[in-house]
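**Q** Sequence first, predicted model second:
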Number of protein chains: 2
Amino acid sequence: MAVYNSNANNLLSSAESFCPGISLDCVILGFHDGNLKVLLNKYACYTKWMLPGGFIYKDEHVDDAAVRTLVSRTGLSDVYLRQFYLFGDVSRTSIEENEDMLIRQGFGKEDLTVSNWFLQRFLSVGYYAFVEYAKVKVQSSIEEDIAWFDLDNLPQLYADHNHIISKALSTIRSRLSSLPIGYELLPEKFTLTELRIIYETIMGSKLDRRNFQRKILSTGMVVKLDEVYKKWGQKSSALYSFDKVKYQDALKNGIPIF
Amino acid sequence: MAVYNSNANNLLSSAESFCPGISLDCVILGFHDGNLKVLLNKYACYTKWMLPGGFIYKDEHVDDAAVRTLVSRTGLSDVYLRQFYLFGDVSRTSIEENEDMLIRQGFGKEDLTVSNWFLQRFLSVGYYAFVEYAKVKVQSSIEEDIAWFDLDNLPQLYADHNHIISKALSTIRSRLSSLPIGYELLPEKFTLTELRIIYETIMGSKLDRRNFQRKILSTGMVVKLDEVYKKWGQKSSALYSFDKVKYQDALKNGIPIF
């Protein structure tokens, strides 16, 4: 067998340990430098970026497999992680694309029957996670590159991964009419502009600055601090913090903001 | 092979056509006689009731498999059907329980290795459906009994199916703070008591009759008709109907009722 790449070797040797025909994909969202970002990875031998994902061990809860995937790529374990959809389109992955990836990982064409496990149809269960950007330790290696991408400037991804990200965002968007967002994404102190950008990115539309400020402050969830943020050459901005009790209460009971 | 039951025979002969290790279960909800009900089925040879479910053909979209399951049990195809969760607990089904079911279906103990396909671990994707009770043609047969059960008086079900129903209800409940309910469940003309009972059953708590009436009418979604419903020996009740345009608008944009 012409496999010289350890990823491919590992994949084949552990195939029997995994539930067949099902994978998971994580849409890991972080906020940095005025942009909502998603974490992607790319095998060194392959051309396309993809969502950090993996398989489910036969003796493992699906949620635990998602946590394992998250930890291995970010170093974080205690994060806001939610299952949101099972992607079950027959043509969501293509045999040609997967064969191409296997060949680039070191399989010879003659070996592809060996890898039938990987070439079967896969359903994939999607999870989304909110992480604090600064706390993520991106776990790149020689074989796997990991990087943040702005949500509004994504490359063409492997299989249906662009669609998985869209579906994650529309799921989060459908929650926004009754549930708050931002606590897990922002550092302890933040500006209202940062919080507004998170809402705008997920809603896919611009919000009036003053209106947003008035609405968000009227919930009592966000508290103004006695500190400002000042960047050289710019006007200073007031800093805010979440009232954790009120935020949790809003998460539990719903809070109409828009 | 000692299989004399055609269900079991069919199952084994088609196992190779299905995606391995994944099933689907449908929580089909209907409203009748003052109660929110769920449709369950029971194999004649087996002791426990279960959610109508099935497997996914290797060349079939998961959503299409859910529609197929629904049509085969209710005769209805054009219904409100939504995927809501992938159940991935390692011990959600038990080998003992499944062996017991196979033996009752006509397998000899010596045949159980033949049925390994069915005894493997199964993940299951849950769908819920809202149907109009009167339109359902329950498709019972000699081998499979199908019946409606009140949601507040369920028997102990197969595997984790009680949990799947609870999760469906909590998912629907989490939507109630911003989305309307009732259009697919009620006939064209209904009383506000019927609509209130649907909300109460899903919220798991009683609602003040007058308060509910005031809130629901203030949305403009529900219109009073110039007709009443009168049961012999009882007070007559006003009949109402949904304003379809306003209901669809509320489904799309959200509507805070509670």
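**A** That came in fine, so what should we check first?

**Q** How is A:S178 assigned, secondary-structure-wise?
**A** With DSSP: H, G, I helix; E, B strand; the rest coil as the basis, the three-state label of A:S178 is coil.

**Q** ok, now how distant is it from A:L251?
**A** 10 Å (C-beta to C-beta, to the nearest Å). Where C-beta positions appear, they are placed from N, C-alpha and C, glycine not excepted.

**Q** And the helix or strand A:L225 falls within, what does it pack against?
**A** Per DSSP states H and E: A:L225 is located in strand A:222-229. Other elements packing on strand A:222-229 under the criterion 3 or more C-beta pairs under 8 Å, 6 or more residues apart in numbering or on different chains; DSSP states H and E are strand A:237-242.

**Q** Next SSE downstream of the strand it packs on?
**A** As assigned by DSSP H and E, the chain's next helix or strand after strand A:237-242 is helix A:244-253.

**Q** Now do the same for that following helix: mean pLDDT, whole number.
**A** Mean pLDDT, helix A:244-253: 89.

**Q** Using PDB, write out the CA atom coordinates for that helix.
**A** What follows is helix A:244-253, C-alpha atoms only, in PDB (Å, rounded to 0.1, in the frame of the first residue of the first chain):
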ATOM      1  CA  LYS A 244     -24.100  37.600  34.000                       C
ATOM      2  CA  VAL A 245     -27.300  37.000  36.100                       C
ATOM      3  CA  LYS A 246     -29.500  39.000  33.700                       C
ATOM      4  CA  TYR A 247     -27.800  37.400  30.700                       C
ATOM      5  CA  GLN A 248     -28.400  33.900  32.000                       C
ATOM      6  CA  ASP A 249     -32.000  34.900  32.800                       C
ATOM      7  CA  ALA A 250     -32.500  36.200  29.300                       C
ATOM      8  CA  LEU A 251     -31.100  33.000  27.900                       C
ATOM      9  CA  LYS A 252     -33.500  31.000  30.000                       C
ATOM     10  CA  ASN A 253     -36.600  33.000  29.600                       C
END
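
**Q** quick one: buried residues of that helix?
**A** For helix A:244-253, burial by neighbour count (16 or more other C-beta atoms under 10 Å in any protein chain shown) applies to A:246-247, A:250-251.

**Q** Spell out the residue ranges of the helices in chain A.
**A** Taking DSSP state H, the helices of chain A run over residues A:6-14, A:62-74, A:95-104, A:116-119, A:161-176, A:192-203, A:209-218, A:244-253.

**Q** List the residues that contact A:D145.
**A** Listed by C-beta atoms under 8 Å, 6 or more residues apart in numbering or on different chains, the contact set of A:D145 reads A:41-44.

**Q** Just name the closest of the residues you listed to chain B, please.
**A** Nearest to chain B among the contacts of A:D145: A:N41, at 22.6 Å, using C-beta to the nearest C-beta.

**Q** tell me the phi and psi of the residue nearest to A:I198 when sequence neighbours are not counted?
**A** Excluding the flanking residues, the one nearest A:I198 by C-beta to C-beta, 6 or more residues apart in numbering or on different chains is A:G182, at 5.5 Å. For A:G182, the backbone dihedrals (degrees, to the nearest 10) come out as phi 120, psi -30.

**Q** returning to what we had before: will you turn the buried residues of helix A:244-253 into CSV that also has distance to B:L207?
**A** Listed next are the buried residues of helix A:244-253 as CSV, based on distance: C-beta to C-beta, whole Å:
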residue, distance to B:L207
A:K246, 26
A:Y247, 27
A:A250, 22
A:L251, 23
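
**Q** Could I get the residues you listed in CSV, plus columns for distance to chain B?
**A** Listed next are the buried residues of helix A:244-253 as CSV, based on distance: C-beta to the nearest C-beta, whole Å:
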residue, distance to chain B
A:K246, 17
A:Y247, 16
A:A250, 11
A:L251, 11
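
**Q** Please point out which parts of the biggest strand by length in chain A sit buried.
**A** Counting residues, the longest strand in chain A under DSSP state E turns out to be strand A:18-32. Residues A:18-31 are the ones in strand A:18-32 that count as buried (16+ other C-beta under 10 Å).

**Q** which of those residues sit farthest apart?
**A** Farthest pair in those (C-beta to C-beta) is A:P20 and A:F31. Separation: 37.1 Å.

**Q** ok, and the closest non-adjacent residue to A:I197?
**A** Spatially, and ignoring its direct neighbours in sequence, A:I197 is nearest to A:G34 (6.0 Å; C-beta to C-beta, 6+ apart).

**Q** Write out the residues of the stretch 1-150 of chain A neighbouring chain B.
**A** By the rule C-beta under 8 Å from any C-beta of the partner chain, the part of the stretch 1-150 of chain A lying against chain B is A:19-22, A:56, A:58-63, A:65, A:83, A:85-86, A:88-90, A:121, A:123, A:125.

**Q** Take those and, keeping just the buried ones, write it as a PyMOL select command.
**A** In PyMOL, this line selects whichever of these come out buried by 16+ other C-beta under 10 Å:
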select buried, chain A and resi 19+20+21+22+56+60+62+63+65+83+85+86+88+89+121+123+125
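
**Q** any idea how far the residue lying farthest from the centre of chain A is from chain B?
**A** In chain A, the residue that sits farthest from the middle, by C-alpha atoms, centre = their mean, is A:E110; the gap is 35.7 Å. Remark: distance between A:E110 and chain B (C-beta to the nearest C-beta, to the nearest Å) = 25 Å.

**Q** if I look at that residue, how far off is A:A15?
**A** Relative to A:A15, A:E110 is positioned 18 Å away (C-beta to C-beta).
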